[in-house]
Structures are given as structure tokens and as C-alpha cells.
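Participant: below: sequence and its predicted model.
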Amino acid sequence: MLGNFSLDKVRNIGIVAHIDAGKTTTTERILYYTGLVHRIGEVDDGAATMDWRIQEQERGITITSAATTCNWRDCQINLIDTPGHVDFTVEVERCLRVLDGAVAVFDAVAGVEPQSETVWRHADNHRIPRIAYINKMDRTGADFFRSVEMIRERLKANAVPIQIPIGREDTFQGMIDLIKDEAIFYRDDLGEVLEETKVPRELVEKKRFYREGLLEALAEFDDLLMEKYLNGDVITEAEIKRAIRKGTIEQRIVPVLCGSSKRNKGVQLLLDAIVDFLPSPLDLPPVTAIKPESGEVVECRVGDGEPLAALVFKVQADPYGKLVFVRIYSGRLESGKTVYNATKKRKERIGRLVKMHANYRQDIKEARAGDIAAVIGLKETVTGDTLCTEERQLQLEKMEFSEPVIACAIEPKTREDQDKLGIALHRLAEEDPTFRTYVDAETGQTLIAGMGELHLEIIVDRLHREFNVRADVGQPQVAYKETITLQAKGEGKYIKQSGGHGQYGHVVLELEPLAPGEGYRFVDKTVGGVIPKAYMPAIDAGIREAMLKGSLCGFPMVDIQATVTGGSFHEVDSSEIAFKLAAIAAFQNAVQKAKPVILEPIMRVEVVAPREYMGDIIGDLSARRGRIELTELKGDVCEIRASVPLEAMFGYATDLRSITQGRGTYTMQVFNYEQAPAEVVAELTRQRSKIA
């Protein structure tokens with residue numbers, strides 16, 4: 001049992017979508033209809049329960065994922081509301097890693113948007129069963145059926161409507177339930193009075209067409225239903241629901257619902273679908289883990305009596321310490337007990353266990369298999385760590401995060417601020433795996449790096465409000481990288497004699513470029529003991545250190561394989577430091593022959609604006625070295641997709657407002673890294689020579 005609910009009655013789900021599709025508004029209605037709150041909080045008023053940070057309330061957007069627990073019918077729903085803005089995609093990624101199912105929310109006017117594709121891809125990677133909810137059916141331009149087609153075409157998903165809307169825009173009144181074969185009308189403003197009735201005569205043909213489509217889609221993978229369908233037998237509501245549940249959990253179909261959360265229509269039926277079609281922890285295969293000592297792969301079976309296996313998926317800075325969010329896959333966590341952090345190889349004590357409701361906490365004595373809870377008191381545990389028992393040490397699959405693409409210098413105003421700044425930056429970096437802070441070796445400046453301008457803006461705002469640190473912030477700078485384009489060999493020696501024991505290290509390296517995104521690979525191909533294996537970690541460390549400093553303009557190097565092919569050692573004088581310094585010299589020697597280049601981040605930009613501004617927008621993006629990939633007209637609106645270097649996108653929000661008289665919007669996310677053109681390299685070299 002988990003609380004008063006058996007595991008088959010538990011749903012761990014997330015609400016995911018593009019920014020402004022209505023995730024938080026939908027979540028607020030879920031809280032209201034499940035009785036968790038007695039007043040609906042509106043995002044526009046800055047009163048949404050789940051958007052509790054002051055920065056979220058001021059901007060009307062979700063910045064950090066918020067968790068809560070509510071009950072519907074006979075089920076417990078552990079729900080996480082995630083951000084939609086691309087700068088905070090990490091919040092979506094790490095939440096999907098631990099969830100069993102997801103509700104993907106789409107704007108009925110815009111359909112599938114750029115961030116919709118990003119979160120869908122993350123859900124595909126983690127094999128998360130989903131249901132789709134077409135929101136904002138009351139808006140001008142809403143088109144349910146076009147949105148369904150976009151899900152099929154752009155997301156390659158088998159989207160199957162289980163409802164179709166009655167009316168649209170200002171005539172949206174309710175929906176036809178294709179499972180029950182009846183119409184549902186909303187008769188009050190709060191959406192609490194529902195009238196179930198026969199399908200209106202003018203919609204019978206449309207209902208028949210889409211109900212046939214639903215049954216045909218289910219018959220493709222359900223033999224019992226196929227037999228009854230082909231024989232013309234009556235198929236019951238229970239049989240249809242069973243088939244939809246099976247198809248959803250196996251990811252053969254994505255059930256599609258509709259509604260208008262803002263107008264309080266459709267959310268109760270969405271809750272029914274969450275309970276009926278999304279999986280419990282028992283419906284999914286056990287997660288696998290690795291025993292660190294042997295590398296053996298083991299299954300973590302769901303159950304309170306099993307050994308503990310829990311994954312830390314989020315850390316939240318707190319004035320009184322830090323809050324660590326965990327998903328328990330097997331076993332149980334108990335307040336006051338000691339657990340083993342297999343990643344850090346340390347014991348940690350559970351201070352308090354709490355259930356979260358946004359930023360409110362409810363103390364609990366224990367959390368069990370299938371649960372999501374927060375822990376207070378863990379000192380060294382961070383995102384991605386595995387908690388287990390010391391007797392059965394396990395490591396769950398690690399979480400990978402994107403590297404920052406933008407950085408800026410930050411300077412504390414006073415000595416007192418300087419003392420507080422280091423602590424605050426450390427706490428924020430612990431909380432956010434895509435945020436980095438470091439000191440520039442050449443200028444001595446403290447730099448902060450993140451996923452976009454808004455990301456850094458929020459970090460600076462939090463430094464001031466939460467940590468009381470006053471600081472001046474420089475202009476954002478692009479996080480360039482360097483790589484090599486040719487294979488090359490290099491040799492490095494470090495020999496030092498100063499009386500007594502000297503220092504001796506000799507390394508021969510071969511460098512070769514890797515495919516984009518592969519990072520760094522170290523290979524030892526020495527034979528005959530020319531370099532003892534004990535010195536290989538020092539050589540590896542030296543190469544990594546040299547890669548951090550770059551070769552052209554001081555940017556970190558990526559996508560390189562370094563192979564040690566030879567060298568020599570001295571029985572008395574060789575040491576780890578000597579081989580590390582020899583490796584640095586060998587790497588620098590090889591890089592000069594390997595034709596190094598600078599890489600710049602390329603952003604996927606999508607602009608939506610009135611069609612009369614289409615030509616001006618395309619011209620402006622082209623002037624920013626952008627490549628136009630797609631132009632599409634949707635009624636009076638145009639949609640333009642382009643790949644543009646990040647360096648050319650600073651200040652674009654202001655320029656787009658000017659071009660479109662404030663009527664255009666855009667989204668931007670990292671697409672890939674490409675070789676920077678000669679003029680960019682020349683400018684970067686000039687700036688570096690100034691500093692030198």
C-alpha cells in the first residue's frame with residue numbers, strides 16, 4: 001500500500017507542453033476539481049498555486065517544475081507541472097526521467113509548436129506513455145482536427161481522438177465522448193454542471209466517422225476487439241477502455257481529448273482519462289540498475305519489501321538547507337534512517353521526509369515504492385545520484401544534461417556581497433545541472449553560464465532576492481567551443497633535474513576528430529609497458545585540462561579522441577605530475593597540426609506573426625546569417641522556422657517587436673554547433689589579443 005492506495009491505484013504523471021499552451025492553467029483546474037484547493041488560481045493574475053516563485057508570478061510563466069499530490073475517483077495522482085520555456089528544458093527532461101506517464105497539452109490554434117516537439121522527443125527517449133489534450137478550444141482560430149493531424153505528421157504519433165468537440169471558438173460547448181457514444185454539455189461557468197445527452201442530430205455522421213476510426217485503431221492491436229468489430233458485434237464501453245489502456249501503455253496509440261481549461265471545460269474528463277489510461281508503477285517493466293563493483297545489471301522490482309532503489313531527480317535550494325526530490329522504484333525511505341549514496345559512495349541520513357504541494361510541505365514518516373517525495377537533510381546528494389542500501393549497492397541510469405550556450409561576467413558590489421556570492425552560486429549550481437559558474441583564468445572574472453538570456457536573468461534575480469547578493473552583470477557572451485578537423489600526432493616530454501629525485505614524463509599522442517556531440521574519448525594503445533598503466537589516469541587528466549583551455553581563443557575543446565601510442569618512463573624520476581604535464585605538452589603539439597576550428601551554437605528559431613510581416617521577418621533573419629527552413633501560412637498568421645547563430649540573436653525580442661508592431665512572438669532553442677565563419681573567428685581573435 002502507498003498511503004491509503006494500492007500501487008495499481010497510483011499515477012505518477014507530468015504535464016508537458018510548449019510555453020503558453022495552458023499547462024499551469026490546466027493543473028490549477030485539476031487541483032480545484034480534486035478538492036486540493038477551493039479557489040482557482042489564475043496564471044494571468046500571478047495567483048497560480050503551482051507557479052509559486054516570485055519570478056514566475058511576475059512573468060506569468062513556469063520556470064521550475066512543481067510537484068503535488070491529489071486524489072481522483074479511487075486513485076492517487078502524483079503530478080508534476082513542468083516549464084514550457086526552452087531555457088528550462090532541463091526541468092522537463094529530469095522529471096520525465098522518473099514519471100510513468102504524461103499529459104501533453106497543445107494549443108488548439110497553434111497545434112504542435114517547437115517546444116512541443118522537444119518535450120515529445122524527451123518523452124520518446126524515456127518511453128513515456130502519453131495522452132494528448134487539445135486546449136484553448138474557445139480561442140479564435142481553434143481547430144481540433146488540424147491539431148490532431150499535426151500531432152500525427154510532426155510528432156509521428158498514432159493520435160486517436162476519443163472525444164471530438166461540439167462547436168469551436170465562442171460556440172465551444174462541450175464534446176462528444178466516442179467511448180460512451182454520447183454528448184457532454186457544460187451548463188455553468190465553473191464547469192461543475194455537466195449534462196450527458198444524445199449526440200445532436202447534425203453531428204451524428206461526424207461522430208460515426210470518428211468512432212469507427214477509434215475502433216479500427218484499437219482493433220489493429222487487440223485481437224478480441226478485432227473479432228467483435230469484424231463480426232459486427234456490440235463492443236462495450238469497458239472493452240473499449242481496456243483496449244485504449246493497453247494501447248496507451250504499449251505506446252501504440254495516443255488518445256486525444258479536447259477542452260478549454262481557462263473556461264473550465266474538459267478537465268474532469270481529462271482526469272478520468274489519466275486514471276483510466278495512464279499506467280501505474282505496476283504496469284511498466286522494472287527499471288534496471290548496475291552493481292558498481294561487478295557491472296552486473298539487476299532489476300529493481302516494485303515493492304515495499306524489496307531493497308531500496310531511489311533516484312534523485314531534482315535539488316531545490318532552500319533557505320534552511322536543500323530539498324532533494326526522489327522517485328522510489330523499490331523498497332522504502334524512512335524519516336531518521338540512514339541510506340547509502342552509491343554515486344558518491346557515502347552514507348547520508350534522512351532528516352525529514354515531506355510530500356510537496358508546490359512550495360508547501362507535509363511531513364510524512366515514510367515513502368514507499370512507486371512514490372515521489374522530497375528529503376531534507378541530505379548534504380552531499382545531487383541530481384542523478386542513486387540512494388540504496390549499503391548491503392545492495394546499485395546505480396540507476398545516470399541523467400545527461402545539455403551544456404550551457406551563453407555566459408556573462410558577474411561582479412559583486414561589495415566585499416560582503418563577494419563572500420555571499422560564492423555560496424549562492426554553489427547552491428544554484430547544485431539545483432540546476434545546466435547552470436555553470438567558473439573563474440576565467442585570464443581575466444580573473446567570475447562567469448555564470450546557462451541555456452539562454454532568460455535563464456541567466458532568472459539566476460541573477462534569484463541571487464538578489466533569495467540570497468541577498470548585489471552584483472553587476474556584464475553583457476551575455478556566446479559559449480563557443482573548439483575542435484579539430486584532422487588526425488595528427490604529437491609528442492610531449494617533461495624532464496626536470498634539480499638535485500635528488502627529478503621529474504620525467506614522455507607521452508606520444510594521436511588525436512582524431514569525433515562526430516559532433518560525441519565529446520571526448522581516451523584510448524590507451526601502448527604495448528610492452530612503455531608507460532606503466534598507473535600513469536594513464538594522470539595522462540587522461542592532463543589531456544582533459546588542456547582541452548578546457550583550448551588552442552585558438554581559449555574555448556573548451558570537444559569531440560576529440562586522444563590515443564596514447566607511445567612514450568617512455570624513468571624507474572626513479574617518473575611521477576603522475578610529470579606525465580600529466582607531458583600529456584598537456586603532447587596534446588598542444590598535436591592540436592597545432594590538427595587544424596583546430598571554432599564552433600558556434602546554432603539556434604532553431606520559430607517566429608509566429610501576422611502574415612503581412614512575413615517578408616520583413618525573413619529579411620531580418622537572413623541578415624543575421626539565418627537559414628530559412630520553413631515558411632507556412634495558417635490563415636492570417638505566418639510561421640517561419642530558421643537556423644540562426646546565437647551570436648546574431650541577442651536583442652532579437654526588441655527587434656521583432658519593432659518589425660511586427662508588437663504582434664510577433666518567437667521561440668529559440670539550441671539546434672547544434674557548426675564551424676564559425678572567418679569573420680567571427682577574426683573578431684574573437686582580436687578580442688582575445690586585447691585581453692592579452
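Facilitator: Sure thing, it's come through.
Participant: CA only for contacts and neighbour counts going forward, please
Facilitator: OK.
Participant: in what helix or strand does Arg11 lie?
Facilitator: Taking DSSP states H and E as the criterion, Arg11 maps to strand 10-17.
Participant: following element in sequence after that strand, please.
Facilitator: Criterion used, DSSP H and E; the element after strand 10-17 is helix 23-33.
Participant: describe which strands the strand holding Arg11 pairs with in its sheet and in which direction.
Facilitator: Looking at strand 10-17 with DSSP bridges, its partner strands are strand 75-81 (parallel), strand 101-107 (parallel).
Participant: of the ones you listed, flag the one that's most buried.
Facilitator: Mean neighbour count (mean count of other CA atoms under 10 Å) peaks for strand 101-107 among the strands paired with strand 10-17, with a mean of 26.
Participant: what angle sits between whichever helix or strand comes after it and strand 101-107?
Facilitator: Downstream of strand 101-107, the first helix or strand assigned by DSSP H and E is helix 114-125. Put simply, helix 114-125 runs at 160 degrees to strand 101-107, going by axes from the mean of the first three to the mean of the last three CA atoms, to 10 degrees.
Participant: helices of the stretch 401-550 of the chain, residue ranges please.
Facilitator: 415-431, 453-465, 536-549 (DSSP state H, counting those that start in this stretch).
Participant: part of a strand, is Ile40?
Facilitator: No - looking at Ile40 with DSSP: H, G, I helix; E, B strand; the rest coil, it is coil, so not inside a strand.
Participant: correct me if wrong: it contacts Tyr32.
Facilitator: Yes - judged on CA atoms under 8 Å, Ile40 makes contact with Tyr32 at a distance of 6.1 Å.
Participant: more neighbours: which of those two?
Facilitator: Ile40 (19 against 16; other CA atoms under 10 Å).
Participant: let me know the pLDDT of the more buried one.
Facilitator: At Ile40, the model reports a pLDDT of 72.
Participant: now do Leu548
Facilitator: For Leu548, the model assigns a pLDDT of 90.
Participant: with adjacent residues omitted, what lies nearest to it?
Facilitator: Distances taken as CA to CA, 6 or more residues apart in numbering place Pro556 nearest to Leu548, at 4.3 Å, with adjacent residues excluded.
Participant: any idea how many residues pack against that neighbour?
Facilitator: For Pro556, using other CA under 10 Å, the count is 20.
Participant: next one: the one 10 residues further on
Facilitator: Residue crowding around Gly566 was assessed by other CA under 10 Å; the count is 19.
Participant: now do Ile328
Facilitator: 28.
Participant: and if you look at Ile618?
Facilitator: For Ile618, the count of nearby residues is 19 (other CA under 10 Å).
Participant: same question, Phe144
Facilitator: So Phe144, with other CA under 10 Å, has 27 neighbours.
Participant: check contacts around the closest residue to it other than its chain neighbours.
Facilitator: Distances taken as CA to CA, 6+ apart place Ala108 nearest to Phe144, at 5.8 Å, with adjacent residues excluded. Contact partners of Ala108, counting by CA atoms under 8 Å, 6 or more residues apart in numbering, are 134-137, 139, 141-144, 147.
Participant: let's go with 7 Å and repeat that
Facilitator: Residues counted as contacts of Ala108 (CA atoms under 7 Å, 6 or more residues apart in numbering) are 134-137, 142-144, 147.
Participant: still on that earlier bit, most tightly packed of the helices of the stretch 401-550 of the chain?
Facilitator: Among the helices of the stretch 401-550 of the chain, helix 536-549 has the highest mean neighbour count (mean count of other CA under 10 Å), at a mean of 20.
Participant: need the residues that contact that one.
Facilitator: Counting by CA under 7 Å, 6+ apart, 522, 555-557, 576, 579-581, 583-584, 587 sit against helix 536-549.
Participant: widest-spaced pair of those?
Facilitator: Phe555 and Glu576 (25.9 Å; CA to CA).
Participant: next helix or strand past the helix or strand of the chain with the lowest mean pLDDT?
Facilitator: Ranking every helix and strand in the chain by mean pLDDT, DSSP states H and E puts helix 54-59 at the bottom, with a mean of 53. Heading C-terminal from helix 54-59, the first helix or strand you meet, by DSSP H and E, is strand 66-72.
Participant: pull the residues that contact that next one.
Facilitator: Residues contacting strand 66-72 (CA under 7 Å, 6+ apart): 34, 36, 50, 76-82, 356-358.
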